[in-house]
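Colleague: A predicted structure for the sequence below; I have some questions about it.
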Amino acid sequence: MTAPRSYRSTTALAQVVTFDDSTMHVQLTDGRVVSVPLLWFPRLLAARPEQRQQVQLGAGGRGLHWDELDEDLSVAGLLAGGS
């Protein structure tokens, strides 16, 4: 039996956000890349590529914001598997 992993808080911050046709990729300052399907976020899925590119990093990289789309996501939420 293996010992359970203990949870360790991280201060991972968004650094770069890119898209392909079906996925959003968020590069974090700790080197990880979180890739999530656009299907999870209907506003981003329905947006034109140029609208998706207008993402703003907020709260020092803790959040993602699209003013025109009225969409806000948190890095913590993405790491947890959702918003």
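Modeller: Done, it's in. Numbering: from 1, shown residues only.
Colleague: can you pull out the helices in the protein?
Modeller: Counting by DSSP state H, the chain has these helices, from start to end: 42-46, 49-52, 75-79.
Colleague: how much space between the residue nearest to residue 53 when sequence neighbours are not counted and residue 11?
Modeller: Closest residue in space to residue 53, ignoring its immediate chain neighbours: residue 19 at 7.4 Å, by CB to CB, 6 or more residues apart in numbering. No exception for glycine: its C-beta is placed from N, CA and C like everyone else's. Taking CB to CB, to the nearest Å as the measure, residue 19 falls 25 Å from residue 11.
Colleague: who's more crowded, the two?
Modeller: residue 19 (15 against 11; other CB atoms under 10 Å).
Colleague: would you confirm that that one contacts residue 49?
Modeller: Yes: with contacts counted by CB atoms under 8 Å, residue 19 reaches residue 49, the gap being 6.8 Å.
Colleague: sorry, back to before: wait, what's in contact with the residue nearest to residue 53?
Modeller: Shown in contact with residue 19 (CB atoms under 8 Å, 6 or more residues apart in numbering): 25, 38, 49, 52-53.
Colleague: JSON lines for those, including pLDDT?
Modeller: Below are the contacts of residue 19 laid out as JSON lines (pLDDT from 0 to 100):
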{"residue": "25", "pLDDT": "99"}
{"residue": "38", "pLDDT": "98"}
{"residue": "49", "pLDDT": "97"}
{"residue": "52", "pLDDT": "98"}
{"residue": "53", "pLDDT": "98"}
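Colleague: list only buried entries from those.
Modeller: 38, 52 (16 or more other CB atoms under 10 Å).
Colleague: buried ones in the lowest-mean-pLDDT helix or strand in the chain, by neighbour count?
Modeller: Least confident helix or strand of the chain, by mean pLDDT, DSSP states H and E, is helix 75-79 with a mean of 94. Neighbour counts over helix 75-79 (16+ other CB under 10 Å) mark 75, 78 as buried.
Colleague: low-confidence stretches in this structure?
Modeller: 1-10, 83 (pLDDT under 70).
Colleague: so which bits of stretch 23-36 are buried?
Modeller: 24, 26, 28, 34, 36.
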